[in-house]
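**Student:** sequence-free structure coming up:
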């Protein structure tokens with residue numbers, strides 16, 4: 001429902017739906033709406049629907065927890081499967097243990113494999129090249145104005161300066177001239193009056209709303225990047241593409257077969273593979289799903305250059321912008337803080353900025369405290385390095401470790417041999433008891449034989465468990481450094 005709505009309209013929609021007393025089913029890539037309105041989240045993925053209690057943020061945390069639980073259960077099951085397969089492989093050819101091996105084969109067949117949901121594997125943080133250095137003032141507008149017909153002015157008497165390192169979001173109703181101002185800042189539109197002054201060594205990367213359509217449809221994903229970054233290594237190009245969701249054979253796809261969201265991601269990869277120092281972005285989240293938006297947020301937060309952007313995604317603006325330019329009928333107003341600061345100021349809640357700074361300062365202090373604790377703990381746990389030990393002591397230490405390992409493995413091998421012999425002996429007795437039970441009724445003590453047979457089976461299970469435990473322990477010890 002938020003497609004094509006500007007931020008003020010999204011805020012109005014959120015308030016309207018929040019007061020709705022009925023049942024609401026919502027599909028959206030707007031995390032602000034999903035977090036504000038939803039009390040239940042249903043994930044549709046891999047042909048399944050799975051229900052989660054709570055809004056989007058709660059769902060994201062619970063999904064990670066469920067995946068970790070299923071992964072742990074899967075690992076336990078895999079260990080059990082390996083034990084059964086190891087026992088079967090070792091004893092299926094021994095006549096005395098054939099029955100036990102067949103029992104394990106049946107157990108193996110009954111194990112229902114725990115399937116893990118297919119989730120997108122994060123390729124890790126995208127690390128871009130640092131943009132080239134430029135002057136402190138990136139761009140300046142002096143008494144600038146724009147008119148398309150010579151009569152009606154979209155912008156007029158505008159004085160605005162953008163400095164190096166700022167990340168500014170333009171906010172306002174549709175029709176207020178946000179895209180016009182971006183084009184003016186980027187140099188794609190000359191001012192009708194006044195002037196625009198570009199800073200020293202500023203290199204602009206402009207992303208219009210239709211910039212994905214500028215990709216050659218006959219060019220592959222990989223060569224789309226190579227065509228603008230011939231001096232960048234193939235491995236680095238693949239790393240950048242992986243960060244934007246293209247890995248493996250996907251880099252050889254022709255651009256013509258890409259979806260709208262994939263084209264947007266590829267266009268961003270092309271724009272950022274050799275980062276300019278001034279990014280001008282017009283609705284960069286259009287056609288992107290939530291995961292892609294979060295990845296782009298991460299890239300832009302880490303970006304060391306200057307950004308001016310227009311986006312209707314409130315969470316995107318909240319996570320990227322460090323300053324707001326509000327475009328309203330009275331004119332252009334600049335706020336020296338992020339989206340929350342802007343909302344507090346607009347709502348007349350004075351002190352919002354100071355509380356935000358206190359929260360940020362508290363978070364920074366907490367991070368520094370945690371880092372100090374981590375360093376302290378690491379220092380406490382650190383073992384003396386080998387260069388502080390004389391060679392003789394080091395040789396003695398290594399010899400002691402080898403001897404300890406030998407003793408461990410020797411005892412475990414003995415335990416394995418003992419358990420194997422015990423299982424073989426008990427299986428032989430079991431076979432003899434079974435044979436006796438088929439004897440003539442007048443000469444066979446069925447009660448005594450049955451009791452002993454039951455006891456033998458119990459002892460076989462105990463001995464087999466001891467064998468499995470010792471075998472696993474030996475493999476673990478043998479794998480230790």
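**Tutor:** All right, it came through fine. If you're wondering where the values come from, they're calculated on a predicted model, not measured in any experiment.
**Student:** right, and the helix or strand after the helix or strand where residue 404 lies?
**Tutor:** Element membership for residue 404 (DSSP states H and E) is helix 391-437. Using DSSP H and E, the helix or strand that follows helix 391-437 in sequence is helix 446-478.
**Student:** what packs against that following helix?
**Tutor:** helix 56-91, helix 391-437 (3 or more C-beta pairs under 8 Å, 6 or more residues apart in numbering; DSSP states H and E). In short, each C-beta sits where N, CA and C put it, glycine included.
**Student:** need the contact list for the closest residue to residue 113 other than its chain neighbours.
**Tutor:** The shortest distance from residue 113 to any non-neighbouring residue, by C-beta to C-beta, 6 or more residues apart in numbering, is to residue 77 (7.2 Å). Residue 77 is in contact with 111, 113-114, counting by C-beta atoms under 8 Å, 6 or more residues apart in numbering.
**Student:** Can you give me the distance of residue 77 to residue 116?
**Tutor:** For residue 77, the distance to residue 116 equals 11 Å [C-beta to C-beta, to the nearest Å].
**Student:** returning to what we had before: quick one: closest of the helices and strands packed on helix 446-478 to residue 180.
**Tutor:** helix 56-91 (33.2 Å; C-beta to C-beta).
**Student:** List the buried residues in stretch 9-28.
**Tutor:** By neighbour count on 16 or more other C-beta atoms under 10 Å, the buried set for stretch 9-28 is 10-11, 13-14, 28.
**Student:** Can you add distance to residue 47 and secondary structure and give those back as JSON lines?
**Tutor:** Shown next, in JSON lines, are the buried residues of stretch 9-28 (distance: C-beta to C-beta, whole Å; DSSP: H, G, I helix; E, B strand; the rest coil):
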{"residue": "10", "distance to residue 47": "32", "secondary structure": "helix"}
{"residue": "11", "distance to residue 47": "36", "secondary structure": "helix"}
{"residue": "13", "distance to residue 47": "32", "secondary structure": "helix"}
{"residue": "14", "distance to residue 47": "32", "secondary structure": "helix"}
{"residue": "28", "distance to residue 47": "22", "secondary structure": "coil"}
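**Student:** Could you tell me the angle between the helix holding residue 404 and helix 56-91?
**Tutor:** Per axes from the mean of the first three to the mean of the last three C-alpha atoms, to 10 degrees, the angle that helix 391-437 makes with helix 56-91 is 70 degrees.
**Student:** Which neighbouring elements make contact with helix 391-437?
**Tutor:** helix 98-110, helix 446-478.
**Student:** hey, least reliable of these by pLDDT?
**Tutor:** Lowest mean pLDDT within those: helix 98-110, a mean of 76.
**Student:** still on that earlier bit, can you put the helices and strands packed on helix 391-437 in JSON lines and add mean neighbour count?
**Tutor:** Below are the helices and strands packed on helix 391-437 laid out as JSON lines (neighbours: other C-beta atoms under 10 Å):
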{"stretch": "helix 98-110", "mean neighbour count": "14"}
{"stretch": "helix 446-478", "mean neighbour count": "15"}
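**Student:** from memory residue 463 sits against residue 424, does it?
**Tutor:** No: contact criterion C-beta atoms under 8 Å: residue 463 and residue 424 do not qualify, at 9.3 Å.
**Student:** show me the contacts for residue 297.
**Tutor:** Taking C-beta under 8 Å, 6+ apart as the test, what residue 297 contacts is 316, 319-320.
**Student:** Which of the residues you listed fall in helices?
**Tutor:** Those of the contacts of residue 297 mapping onto helices are 316, 319-320, per DSSP state H.
**Student:** just the residues you listed now: which is nearest residue 86?
**Tutor:** For the ones in helices among the contacts of residue 297, the nearest to residue 86 is residue 319 (49.9 Å; C-beta to C-beta).
**Student:** What spatial separation is found between that closest one and residue 301?
**Tutor:** 7 Å.
**Student:** ok, now residue 144?
**Tutor:** Counting by C-beta to C-beta - residue 144 and residue 301 are separated by 30 Å.
**Student:** who has more neighbours, these two?
**Tutor:** residue 144 (22 against 12; other C-beta atoms under 10 Å).
**Student:** Just the element for that one, please.
**Tutor:** Residue-wise, residue 144 maps onto strand 137-147 under DSSP H and E.
**Student:** Let me see the residues that make contact with that strand.
**Tutor:** Looking at strand 137-147 with C-beta under 8 Å, 6+ apart, the contacting residues turn out to be 153-164, 166, 177, 180, 184-185, 189, 191-199, 202, 277-278, 306.
**Student:** Stretch 435-449 now?
**Tutor:** Outside stretch 435-449, the residues touching it (C-beta under 8 Å, 6+ apart) are 433, 450, 453.
**Student:** in that stretch, what's buried?
**Tutor:** Neighbour-count burial for stretch 435-449 [16+ other C-beta under 10 Å]: 436, 449.
**Student:** now do stretch 169-176
**Tutor:** 169-172, 176.
**Student:** Could you work out the end-to-end span of it for me?
**Tutor:** 14 Å (C-alpha to C-alpha, to the nearest Å).
**Student:** For residue 306, what are phi and psi?
**Tutor:** phi -110, psi 140 (degrees, to the nearest 10).
**Student:** quick one: it and residue 275 touch, right?
**Tutor:** No: judged on C-beta under 8 Å, residue 306 makes no contact with residue 275 at a distance of 10.9 Å.
**Student:** residues contacting residue 269?
**Tutor:** Applying C-beta under 8 Å, 6+ apart, the residues contacting residue 269 are 224-225, 240-241, 243-244, 246.
**Student:** For residue 306 and residue 275, indicate the residue with more neighbours.
**Tutor:** A direct count of neighbours by other C-beta under 10 Å for residue 306 and residue 275 places residue 306 higher, at 24 against 19.
**Student:** Just the pLDDT at the closest residue to residue 477 other than its chain neighbours, thanks.
**Tutor:** Of all residues not flanking residue 477 in the chain, residue 408 sits nearest, at 5.1 Å (C-beta to C-beta, 6+ apart). Residue-level confidence at residue 408 comes out at 77, pLDDT.
**Student:** Give me the neighbour count for residue 287.
**Tutor:** 16.
**Student:** In terms of helices and strands, where is it?
**Tutor:** Judged by DSSP H and E, residue 287 forms part of no helix or strand.
**Student:** does it really touch residue 264, like I thought?
**Tutor:** Yes: counting by C-beta under 8 Å, residue 287 touches residue 264, with 5.1 Å between them.
**Student:** Overlap of the contact sets of those two?
**Tutor:** residue 212.
**Student:** Got the phi and psi for residue 202?
**Tutor:** Residue torsions, per degrees, to the nearest 10, at residue 202 are phi -80, psi 130.
**Student:** so how many other residues sit close to it?
**Tutor:** 20.
**Student:** Show me the beta-bridge partners of residue 205.
**Tutor:** residue 279 (DSSP bridges).
**Student:** and if you look at residue 334?
**Tutor:** Beta-bridge partners, per DSSP bridges, of residue 334: residue 325.
**Student:** Pretty sure it sits against residue 321.
**Tutor:** No: with contacts counted by C-beta under 8 Å, residue 334 stays clear of residue 321, the gap being 12.0 Å.
**Student:** More neighbours: which of those two?
**Tutor:** Taking neighbours as other C-beta under 10 Å, residue 334 and residue 321 compare with residue 321 leading, 26 against 12.
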